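S.K.: quick one, what's the 3D model for this:
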Amino acid sequence: MIAEWSTLSDVPDIKQLFHTLVKAGFRFSPQALSKLSPDELARLQPQPQQPTQQRYFFASPAGAFVSPVPVVQQTIYVNQPYIPQQIVQARPDITQVSHEERVKWVNHDCGLADNSVAMLAESLNFAEPGSDISSNEIAVESYNRCLEIQKRLVAHVERVQEPDLVDKLITANAAVVGVLDQYNNMRSGARVGNNTAVGATANEGLLIDVNDSVQVPAAAPYTFSGSATTTPAPAAFA
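M.R.: This next block holds a predicted model:
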């Protein structure tokens, strides 16, 4: 119908519409395309090698006006550079390092022990007599730090062979054991006082996390010759 209008009508818009539809890829019947000259048809129809979305106009037997061709989704592949992952290596045993490095490790752990002991001792000194020390967050945190550093000190004593290093480790461990005992005694005293005044079931949970301090192996050779000194942390602990 549009083809007939474009040839029979003198209105330029109708003819331009027909040319635009043919150029856009709409498929007309051979009778409709015969209204164009061969030169116009070759000029208006898209080239076969160029992929276009063809649409069928008045070509469906059911009378559908437009039937679009399914669009194929294009996938873009992007090459990303390979980023190597860093593998975290486990810390070697203290016996697998040089003597100089072993001295740094011992001094570092002894310094941590001194700091932990000082923090816990200060919390105990400022606590009110008969109060529940377990309600003091700083005291509880310092207590746990002392337990952790004590495990490391005892592990070093079992492996270190140098007498001077053994002496530092045992001296630092003795200070840790002493402040842990003070903490446990204060908690025990608070519990006994509370049981006497209120009842045996008033504060049953006061001593739940009281742990026995780790004992230093008796076979470790040592002589007490001084106190542990705090030294700057080595690069491995920075």
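S.K.: which helices and strands does the helix ranked longest in the chain pack with?
M.R.: Criterion DSSP state H: the longest helix present in the chain is helix 163-197. Counting contacts by 3 or more CB pairs under 8 Å, 6 or more residues apart in numbering; DSSP states H and E, helix 163-197 packs against helix 99-126, helix 137-159. (C-beta placed from N, C-alpha, C; glycine too.)
S.K.: quick check: domain ranges of the chain?
M.R.: 2-56, 97-237 (automatic domain parsing).
S.K.: weakest of the ones you listed by average pLDDT?
M.R.: Here those differ in mean pLDDT, and the lowest is domain 2-56 at a mean of 64.
S.K.: what helix or strand does Ala42 sit in?
M.R.: helix 38-44 (DSSP states H and E).
S.K.: hmm, back to that, can you give me the buried ones in the longest helix of the chain?
M.R.: Neighbour-count burial for helix 163-197, with 16 or more other CB atoms under 10 Å as criterion, is recorded at 165-173, 175-177, 179-180, 183-184, 186-187, 190-191, 194.
S.K.: ok so, going back, save the helices and strands packed on helix 163-197 as a markdown table, and put in mean neighbour count and distance to Lys23 too.
M.R.: What follows is those, written out as a markdown table (neighbours: other CB atoms under 10 Å; distance: least, CB to CB, whole Å):
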| stretch | mean neighbour count | distance to Lys23 |
| --- | --- | --- |
| helix 99-126 | 18 | 81 |
| helix 137-159 | 18 | 80 |
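S.K.: for Gln16, find the nearest of these.
M.R.: Of all the helices and strands packed on helix 163-197, helix 137-159 sits nearest to Gln16, with 84.8 Å by CB to CB.
S.K.: show me what the closest one packs onto, helices and strands only.
M.R.: So helix 137-159, by 3+ CB pairs under 8 Å, 6+ apart, packs with helix 99-126, helix 163-197.
S.K.: mind putting those into JSON lines with distance to Ser37?
M.R.: What follows is the helices and strands packed on helix 137-159, written out as JSON lines (distance: least, CB to CB, whole Å):
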{"stretch": "helix 99-126", "distance to Ser37": "94"}
{"stretch": "helix 163-197", "distance to Ser37": "105"}
